[in-house]
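The sequence isn't on hand, but the structure is:
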């Protein structure tokens, strides 16, 4: 695959990207009128798809009546009066931050302090102190990358987190039904419900596997200390998405390309693509003996060795912002992570695999099942029949790239390197969610 990309002309890559989005999802529309129903002329298998309103945010659905929005457990109402606002000055919609603060105050919420996330980087968890000062909630004003850092300060104190979606994708907010409009998001903070959600935790395991690495091949990311655990609310990734994130999060790139930042970042990721020789060690697998029955969490472990284009350890189901792509079956309330591995392959086939995965309309052919028989240990754990794609649910996974360290993103930002151990965190995060959600 490297040869295919290395020899491809830029025009061909842009044609591929256009074909990928057109064949995988309807055209990208960032500012939809959510009070209307949009019928989209798009079909993978002859069925029609539409974008529909649900809890003030659009979602993809199929006309056969199946909603793609996961139901939530019953949550507790709460009236918020005093907040601390933590924000990311580099977030995609940061220009709306001043208006967001004005909207909070206009709703009768006292903003006690406003802190850039960088000011908390070297401090111990602040949640207990904020609670002692009478703070009802910490407002995370930014995107997905901000949430994990905020969680590190509040999760031990169970202090609720409200979300003002000022990021580019805002995938966690979309997963729980938080509106993208600032005033509506403020209303959720003001009179939302407390909802416990799963959260992931990641730590470096370099010391455990150090003999497998030569010191000359180590490429250390200048990020968090290797001994420090880091939280993620959306997803942890290795592979294509890392190079995408390195490009898309650079301020000069955003300033130069504006709305074309994501297409340009995809182009750069494909141009510099290198497959990952990887071992994944799954812990506490979710197994299915009957396709119609819910999974059973076991103490069974298994190992997958493959050449991967992308590894995603998913906690929140929504991907790609307004496109609202969803990992089928992923949930914030099931106490497992969804690990999706896309094996190395030709670009022409990648869009097809992703389309089948994210739409959930897989219609497997008999030969599709044969591909997965080469991994007999994982057969009862596979949630997909798509050749070249693994979808496994487990409580934890160790990701070890052969012979070298590869970058790792947490919630869309490069935060470390392999080898890494990702698990469902012992404690859940408390979010403020819409009263009508679920």
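Thanks, I have it. All values reported here derive from a predicted model rather than from experimental measurement.

Now the phi/psi pair for the closest residue in space to residue 325 that isn't next to it in sequence, please.
Counting by CB to CB, 6 or more residues apart in numbering, residue 325 lies nearest to residue 358, which is 4.1 Å off, once chain neighbours are set aside. To be clear about C-beta, it is placed using only N, CA and C from the backbone, and glycine gets the same treatment. As for residue 358, its main-chain torsions (degrees, to the nearest 10) stand at phi -70, psi -30.

Each with direction, which strands does the host helix or strand of residue 339 pair with?
Using DSSP states H and E, residue 339 sits within strand 337-343. Strand 337-343 has its sheet partners listed here by DSSP bridges as strand 302-314 (antiparallel), strand 389-401 (antiparallel).

ok so, going back, could you tell me the per-residue confidence at the residue nearest to residue 325?
Per-residue pLDDT puts residue 358 at 81.

how much space is there between it and residue 263?
18 Å (CB to CB, to the nearest Å).

In a helix, residue 154, correct?
Yes: per DSSP: H, G, I helix; E, B strand; the rest coil, residue 154 lies within a helix segment.

okay, now the nearest residue to residue 92 once chain neighbours are set aside: neighbour count?
Once flanking residues are discounted, residue 92 sits nearest to residue 168: 3.2 Å by CB to CB, 6+ apart. For residue 168, the neighbour count with other CB atoms under 10 Å is 22.

and what of residue 111?
Neighbour number of residue 111 under other CB under 10 Å is 14.

re earlier: in terms of neighbours, single out the busier of residue 358 and residue 263.
residue 358 (21 against 16).

unless I'm mixing things up, the more buried one is touching residue 330, no?
No: Residue 358 is beyond contact range of residue 330, at 10.8 Å (criterion: CB atoms under 8 Å).

related to what we said a few turns ago, just say which of the strands paired with strand 337-343 is most tucked in.
strand 389-401 (a mean of 23; mean count of other CB atoms under 10 Å).

Next up, the contacts around the residue nearest to residue 92.
Applying CB atoms under 8 Å, 6 or more residues apart in numbering, we find residue 168 in contact with 91, 92, 93, 143, 248, 261, 262, 321.

In those, which residue is surrounded by the most others?
residue 143 (29 neighbours).

Please look at that residue and residue 174 and confirm they touch.
No: the pair residue 143 / residue 174 is not scored as a contact, 11.1 Å apart, by CB under 8 Å.

what is in contact with the two at once?
Joint contacts of residue 143 and residue 174 (CB under 8 Å, 6+ apart) are residue 165.

quick one on the thing from earlier: for residue 117, state which of the contacts of residue 168 is nearest.
Distance ranking of these against residue 117, using CB to CB, places residue 91 first at 9.7 Å.

separation between that closest one and residue 105?
From residue 91 to residue 105 the distance is 20 Å (CB to CB).

and the next element down the chain from the helix or strand harbouring residue 264?
Using DSSP H and E, residue 264 falls within helix 261-271. Once the chain leaves helix 261-271, the next helix or strand it forms, by DSSP H and E, is strand 276-287.
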